[in-house]
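**Student:** from the sequence below, what's the structure:
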Amino acid sequence: MRRSRWGHHGDLEGTFVRTGFTADGERSVVLTVNGRTTDETQLLRTEKALQGLIDKMLCGR
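**Tutor:** Next up is the predicted model:
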């Protein structure tokens with residue numbers, strides 16, 4: 001069964017901050033990653049990796 005995931009994220013200069021919470025509030029995760037680039041391809045890869053990690057940590061997938 002796939003759990004719902006909620007979150008809010010933001011970026012600071014040189015830092016990505018991503019959060020995720022299960023709909024029932026039972027589990028949460030906060031990721032902070034340092035190092036920023038202006039390379040759009042790398043930014044998209046990083047975002048996809050962060051979202052995948054949050055899904056794996058919260059939903060086991």
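**Student:** pLDDT weak spots in this structure?
**Tutor:** For the chain, residues meeting the criterion pLDDT under 70 lie at 1-13, 61.
**Student:** quick one, helices of it?
**Tutor:** Along the chain, the segments classed as helices by DSSP state H run 40-59.
**Student:** so who does Leu31 touch?
**Tutor:** For Leu31, the contacting residues are Phe16, Val17, Arg18, Thr19, Leu50, Leu53, Ile54, by CB atoms under 8 Å, 6 or more residues apart in numbering. Bear in mind the C-beta positions are built from the backbone N, C-alpha and C, glycine included.
**Student:** my error: substitute Met57 in the last question.
**Tutor:** Contact analysis of Met57 by CB under 8 Å, 6+ apart lists Gly20, Arg27, Val29.
**Student:** let's see that with 10 Å instead.
**Tutor:** Neighbouring residues of Met57 by CB atoms under 10 Å, 6 or more residues apart in numbering: Arg5, Gly20, Arg27, Ser28, Val29, Leu31.
**Student:** from Thr32, how far off is it?
**Tutor:** 14 Å (CB to CB, to the nearest Å).
**Student:** check Ala49 too.
**Tutor:** Using CB to CB, we find Ala49 at a distance of 14 Å from Thr32.
**Student:** do the same with Gly60
**Tutor:** From Gly60 across to Thr32, the span is 22 Å (CB to CB).
**Student:** Thr15 now?
**Tutor:** Applying CB to CB to Thr15 and Thr32 gives a distance of 6 Å.
**Student:** ok, now Leu50?
**Tutor:** 10 Å.
**Student:** between these two, which contacts overlap?
**Tutor:** With CB under 10 Å, 6+ apart, Leu50 and Thr32 have common neighbours Phe16, Val17, Arg18.
**Student:** show me what contacts Gly32?
**Tutor:** For the record, residue 32 is Thr, not Gly. Contacts of Thr32 by CB under 10 Å, 6+ apart are Leu12, Thr15, Phe16, Val17, Arg18, Thr19.
**Student:** which of these count as buried?
**Tutor:** Burial of those was assessed by neighbour count (16 or more other CB atoms under 10 Å); the buried members are Phe16, Arg18, Thr19.
**Student:** burial count for Val33?
**Tutor:** 15 (other CB atoms under 10 Å).
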